[in-house]
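> mind looking at a prediction? Sequence and model below.
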Amino acid sequence: MLINRTRDVRDALFHLRRVENTSIQSQVREMLVSAILEGQIPADEALPSSRKLARTLGVSRNTIVIAYQGLVDDGYLTARERSGFYVNGDIREGNRPLSVPKEFSDGLTPRWEDLFRIHPSRQQNIQKPLQWQSYPYPFIYGQVDQELFPIAEWRECSRQALGKKGMDAWTSDTHGSDDALLVEQIRTRLLPRRGIRATDDEVLVTLGAQNALYLLASLLITENTTVAMEEPGYPDVRNTFLLKTKRVIPIPVDDHGLVVDHRLDQCGYVYVTPSHQFPTTATMPLERRRALLERSISGDFLIIEDDYEFETNYVSEPTPALKSLDTAGRVLYVGSLSKTLFPGLRLGYMVGPRALIKEARALRRLMLRHPPNNNQRTVAMFLALGHHETMVHRLHRAYRERWQAMGEALNRHLPDSSRAPTFGGTSFWVRGPEGQDATELAARAIQKGVLIEPGRINFMANDAPNNYFRLGFSSIPTDRIEPGIRILANLIRG
């Protein structure tokens, strides 16, 4: 947004840069507020008439009138009868004028590279285009199809959560406490589906599963701790572990998930995604789950179970969570609400013994005190009123259709390159031809409007294969799956 002001502000040229997902009225207000606070329109200066500004911006006069009146109500403008609207001189009291950024002398500034204890920016992470919606074939994992989201129900829950009656629940600083209704819904609605029983003081709400995993790593892992994780596996949690210890051991996975053998005995902790292995989509059968639990006792290690996508099982009968089979208190459970609601919500939870949750709550308080109360209460209402359950059923129908379309398209155009996930989920793990560089393939595919995720980032080993990639289908319409796979197959053959 730019405002060019001449000597007489009545002759000023106002320019409105249209922004998606923001109303014209909000954009006009933002433009005027910025101009006033930055001093581009001096105090007691008249603004253009509503008719003139509407003509300049190409919007309705009523939009300008509403914006002006709103700024009067909020003290930015004053209205003078038969004269117009003027900038209120009091609005900028206490504001210092904008200054030119200082240029510091060489040799006097801190040597930041010498001060950093760790360098997270040097780690490799999964990269995704921010504007992935603009591509016709977005085989991107972890995003949602907005057409499937019940926006009306969510708005109603948000309206109820933010109502005056419940203001105490979302305006107060609750220090380390969580929303009691949300904890109740997690305990009585979500955890029982996984066969897990927990009390209030065994549950902690987090800013997504990622926050839960970072809390666990901070509390439990030192530089002398050995951690085992799946190979290939979740790169974000691997990076989190590597910030704490260099002793991270990759354990291979097969068609049944993490291989359980003597290599686990040297570890203090084992990170695993048994229900839907990340990223291969393998599901750990009941026999191996029991073997892992037995090994945790004989090898004296704890298990961190990341049940990140359990709500998207629409193909097979659900296998009980490791936590539900645990009789020795050796499983720490992490769940997420991002996969069925939306990733931007950033709400998850962990389940563990009271002593662990007590320390995690205290650490979380030092980091962020607690997740936003308004978000917690809105999600709690969404669960309590049954909207989440209805949404899960809707997603199952849509995902099953896309899962089948993806399987058929891969069998037709890239036969023997993948195995359909028996769990369901929202992605396929694909093996390209020997010698195929999936990173180079992704660069060529994006030129054709096809987004894929190269798989090399999921491996820890230096000599890991380069020909794997992941195809997500949660955010791509069914009718675009086959054409997108056909384009991808032609690129591979070409």
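All right, it came through fine.
> tell me the contacts of Tyr468?
Tyr468 makes contacts with 232, 429-432, 438, 454-456, 458, as judged by CB atoms under 8 Å, 6 or more residues apart in numbering. Backbone N, C-alpha and C define where each C-beta goes, glycine included.
> chain neighbours aside, what residue packs nearest to the residue most central in space within the chain?
For the chain, the residue nearest the mean C-alpha position is Pro343 (3.4 Å; CA atoms, centre = their mean). Excluding its sequence neighbours, the residue lying closest to Pro343 (CB to CB, 6 or more residues apart in numbering) is Gly142, at 5.7 Å.
> domains in this protein, by residue range?
If you go by automatic domain parsing, the domain ranges for the chain are 2-92, 128-143+390-493, 164-384.
> for the second one, measure first residue to last.
The straight-line separation of the ends of domain 128-143+390-493 (CA to CA, to the nearest Å) is 25 Å.
> show me where pLDDT drops low in the chain?
Scanning the chain for pLDDT under 70 picks out the ranges 1-13, 18-21, 93-102, 104-106, 166, 169-171, 174.
> by contact count, what packs against the helix of greatest length in it?
Using DSSP state H, we find that the single longest helix of the chain is helix 387-413. With contacts defined as 3 or more CB pairs under 8 Å, 6 or more residues apart in numbering; DSSP states H and E, helix 387-413 has these neighbours: helix 151-161, strand 427-431, helix 478-493.
> got the angle for that helix vs helix 478-493?
40 degrees (axes from the mean of the first three to the mean of the last three CA atoms, to 10 degrees).
> want to throw the domains of the chain into TSV with distance to Leu108?
Converted to TSV, the domains of the chain look like this (distance: least, CB to CB, whole Å):
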stretch	distance to Leu108
domain 2-92	31
domain 128-143+390-493	37
domain 164-384	31
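> quick revisit: for the residue nearest to the centre of the chain, give its distance to Ile446.
Between Pro343 and Ile446 the distance, using CB to CB, to the nearest Å, works out to 21 Å.
> same deal with Ile118?
32 Å.
> neighbour-wise, which of these two wins?
The residue with more neighbours, out of Ile118 and Ile446, is Ile446; 14 against 10, by other CB atoms under 10 Å.
> show me where the stretch 151-300 of the chain has its helices.
According to DSSP state H, counting those that start in this stretch, the stretch 151-300 of the chain carries its helices in the segments 151-161, 167-171, 180-185, 208-220, 235-244, 286-298.
> of these, which is nearest Ala405?
Of all the helices of the stretch 151-300 of the chain, it is helix 151-161 that lies closest to Ala405, at 25.1 Å by CB to CB.
> who are the packing partners of that closest one?
helix 373-384, helix 387-413.
> tell me how many other residues crowd the closest residue to Arg400 other than its chain neighbours.
Leaving out its chain neighbours, the residue that sits closest to Arg400 by CB to CB, 6+ apart is Tyr314, at 5.0 Å. Neighbours of Tyr314 under the rule other CB under 10 Å: 18.
> ok, now Lys52?
Lys52: 16 neighbours (other CB under 10 Å).
> what are the buried residues along the helix or strand encompassing it?
Under the criterion of DSSP states H and E, Lys52 resides in helix 50-57. By neighbour count on 16 or more other CB atoms under 10 Å, the buried set for helix 50-57 is 50, 52-54, 57.
> repeat for stretch 349-361
Those would be 349-352, 356-357, 360-361, for stretch 349-361 by 16+ other CB under 10 Å.
> of all the domains of the chain, which one is nearest Arg111?
Nearest to Arg111 among the domains of the chain is domain 164-384; the distance by CB to CB comes to 21.6 Å.
> re the thing from before, switch the helices and strands packed on helix 387-413 over to JSON lines; also include mean neighbour count.
Below are the helices and strands packed on helix 387-413 laid out as JSON lines (neighbours: other CB atoms under 10 Å):
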{"stretch": "helix 151-161", "mean neighbour count": "15"}
{"stretch": "strand 427-431", "mean neighbour count": "23"}
{"stretch": "helix 478-493", "mean neighbour count": "17"}
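> will you turn the ones you listed into JSON lines that also has distance to Leu366?
Shown next, in JSON lines, are these (distance: least, CB to CB, whole Å):
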{"stretch": "helix 151-161", "distance to Leu366": "27"}
{"stretch": "strand 427-431", "distance to Leu366": "35"}
{"stretch": "helix 478-493", "distance to Leu366": "46"}
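> using PDB, list the CA coordinates for stretch 279-296.
What follows is stretch 279-296, C-alpha atoms only, in PDB (Å, rounded to 0.1, in the frame of the first residue of the first chain):
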ATOM      1  CA  PRO A 279       7.300 -41.500   5.400                       C
ATOM      2  CA  THR A 280       6.900 -45.000   4.000                       C
ATOM      3  CA  THR A 281       3.300 -45.400   5.300                       C
ATOM      4  CA  ALA A 282       4.000 -48.900   6.700                       C
ATOM      5  CA  THR A 283       1.900 -50.000   9.600                       C
ATOM      6  CA  MET A 284       3.500 -51.900  12.500                       C
ATOM      7  CA  PRO A 285       1.500 -55.100  13.200                       C
ATOM      8  CA  LEU A 286       0.400 -56.100  16.600                       C
ATOM      9  CA  GLU A 287       3.100 -58.800  17.000                       C
ATOM     10  CA  ARG A 288       5.900 -56.400  16.300                       C
ATOM     11  CA  ARG A 289       4.400 -53.800  18.600                       C
ATOM     12  CA  ARG A 290       4.400 -56.400  21.400                       C
ATOM     13  CA  ALA A 291       8.000 -57.300  20.600                       C
ATOM     14  CA  LEU A 292       9.000 -53.600  20.800                       C
ATOM     15  CA  LEU A 293       7.400 -53.200  24.200                       C
ATOM     16  CA  GLU A 294       9.100 -56.400  25.400                       C
ATOM     17  CA  ARG A 295      12.400 -55.200  24.100                       C
ATOM     18  CA  SER A 296      12.000 -51.800  25.900                       C
END
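> okay then, goodbye and thanks.
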